[in-house]
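Asks: sequence first, predicted coordinates after that:
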Amino acid sequence: MQVTLSGNVGADSESKIIPLRDGTGSLRLVEASLAVKTGADTPDWYKLKFLGDNFATIAHRIVKGVTISIVGDLTFEFWNDKDTGERKSKAVITILDLQLPPLPQLA
């Protein structure tokens, strides 16, 4: 499902190099978190994934506190909690388009 969200980045972005399963090379993955206020007291949190080199070049601008707007594909990651065995999930958005605030003007 494609979604459009705007919110504040919750932590500085992290970049990783992931080997491709077919052995042909690697893929750059940048991850960040996004907090979106929906009117409630607590924000909804989303894990953002930026695939490929197109977003890796601007990853240094995706820092904690910056407000961004994104369009992407929403999926969910599921796992079992190690301590309780409870099934948990996390919303993950693979970014298709990103809007950052303008760079500050130098005087």
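Replies: Alright, I've got the coordinates.

Asks: beta partners of I18?
Replies: Beta-bridge pairing for I18 (DSSP bridges): L27.

Asks: wait, it touches L29, no?
Replies: Yes: counting by C-beta atoms under 8 Å, I18 touches L29, with 5.4 Å between them. No exception for glycine: its C-beta is placed from N, CA and C like everyone else's.

Asks: neighbour count: those two, which is higher?
Replies: Remark: of I18 and L29, L29 carries more neighbours, 17 against 10, as counted by other C-beta atoms under 10 Å.

Asks: need the three-state assignment for that one.
Replies: What DSSP: H, G, I helix; E, B strand; the rest coil gives for L29 is strand.

Asks: need the contact list for it.
Replies: Contacts of L29 were listed using C-beta atoms under 8 Å, 6 or more residues apart in numbering, and they are S15, K16, I17, I18, K49, F50, L51.

Asks: so how far is P43 from it?
Replies: Distance, L29 to P43, using C-beta to C-beta, to the nearest Å: 24 Å.

Asks: residue contacts, V36?
Replies: Going by C-beta under 8 Å, 6+ apart, V36 touches L5, S6, G7, P43, D44, W45, Y46.
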